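In: okay, here's the prediction I keep looking at, along with the sequence it came from:
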Amino acid sequence: MGQFNFIKLDIEGLYVIEPKCIGDNRGYFMETYNYEDFKNAGLSQVFVQDNQSLSKKGVLRGLHYQIKHPQGKLVRVLKGEVFDVVVDIRPGSKTFGKWHGEYLSEENKRQFYVPEGFAHGFLVLSEEAEFAYKCTDFYHPEDEGGIIWNDKDLNIDWPIKDMDIIISEKDLRQKNFREII
Ligand SMILES: Cc1cn([C@H]2C[C@H](O)[C@@H](COP(=O)(O)OP(=O)(O)O[C@H]3O[C@H](C)C(=O)[C@H](O)[C@H]3O)O2)c(=O)[nH]c1=O
C-alpha cells in the first residue's frame with residue numbers, strides 16, 4: 001500500500017501517477033497498479049483490457065476515442081519516450097476542447113490516467129517506444145471515432161521539430177474537431 005503518488009491535473013479527472021520504484025543491487029521493483037491504492041485515491045475504475053504497442057520514432061497514433069463504449073485508460077511507457085496527448089470531448093465539460101500533454105518515459109516511469117470522454121494519442125520521441133495501457137471498456141472497432149492530429153482548432157503543440165512523422169492511412173483521414181462536435 002502507499003506505493004503511488006497521485007497528482008490531480010487542472011483538467012478534471014486527469015491524473016499523473018508516480019509509482020514507487022524500489023532499487024537494489026539487482027535492478028528495481030515497482031507495483032504498476034494496485035486496486036486498493038487507486039480506489040483510495042478516487043480511481044476505483046475496473047480495467048477489463050490491457051493493450052501494448054511498439055512504435056518507431058516519429059510514429060503518431062491518434063487521436064482516437066470510442067463513442068458508445070468510451071474507455072478510461074491508464075497509460076505508461078515500458079521502453080523509450082512518448083509525448084502523450086488527451087483532448088477533453090466530454091459534452092458540457094468546462095474544459096471541453098482543451099488538450100493536455102505529458103512526457104511519459106521508461107526513465108520517469110510516470111503513468112497517466114485518462115477518464116472516459118477523452119480523445120487520446122501519442123507521438124514517439126525515442127528510437128522506439130513500447131506503450132502499455134489498461135482500459136475500462138473493451139475495444140469496439142465499429143464504435144471508433146477520431147480527430148486529425150494537427151487540428152487547427154485544438155492547436156496541439158506536438159514536439160515534432162525536425163521529425164519525420166509516421167501516421168497510419170486511417171489516422172491521416174481522421175475528422176476535424178469541428179466535424180465531431
Ligand atoms: C485498439 C485496438 C486495436 N486492435 C487491432 C486493430 C488493428 O488490426 C490493430 C491496430 O489497430 P490501430 O491501428 O487502431 O492501433 P492504434 O493506432 O494503436 O490505436 C490506438 O491508438 C490510441 C493511442 C488509443 O488510445 C487507442 O487505444 C487505440 O485507438 O490492432 C485490437 O485488436 N484491439 C484494440 O484494442
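Out: Arrived safely, thanks for sending.

In: for residue 113, give me its contacts.
Out: Neighbouring residues of residue 113 by CB atoms under 8 Å, 6 or more residues apart in numbering: 14, 15, 16, 17, 43, 72, 73, 74, 75. Any C-beta I mention is one placed from the backbone N, CA and C, and that applies to glycine too.

In: direction included, what does the strand or helix carrying it pair up with?
Out: Secondary structure assigned from DSSP states H and E places residue 113 in strand 111-114. Taking DSSP bridges as the criterion, strand 111-114 forms sheet pairs with strand 15-19 (antiparallel), strand 73-79 (antiparallel).

In: which positions within it qualify as buried?
Out: Under the neighbour-count criterion of 16 or more other CB atoms under 10 Å, strand 111-114 has 111, 112, 113, 114 buried.

In: average pLDDT across that strand?
Out: For strand 111-114, mean pLDDT rounds to 98.

In: list the contacts of the helix or strand just after it.
Out: Downstream of strand 111-114, the next assigned helix or strand under DSSP H and E is strand 118-124. Residues outside strand 118-124 that contact it (CB under 8 Å, 6+ apart): 55-65, 73, 75, 80-90, 104, 114, 129, 131, 145-147, 149, 158-160, 163, 165.

In: what do you get if the cut-off is 7 Å, keeping everything else the same?
Out: With contact meaning CB atoms under 7 Å, 6 or more residues apart in numbering, strand 118-124 is reached by 55-65, 73, 80, 82-89, 114, 131, 147, 149, 158-160.

In: ok, stretch 95-102 next?
Out: For stretch 95-102, contacts defined as CB under 7 Å, 6+ apart pick out 9, 11-12, 14, 16, 83-90, 110, 112, 154, 156, 177.

In: and the helix or strand of the chain with the lowest mean pLDDT, how far from the chain's centre?
Out: Across the helices and strands of the chain, mean confidence by mean pLDDT, DSSP states H and E is lowest for helix 177-180: a mean of 94. How far helix 177-180 lies from its chain's middle: 21 Å, per CA atoms, centre = their mean, to the nearest Å.
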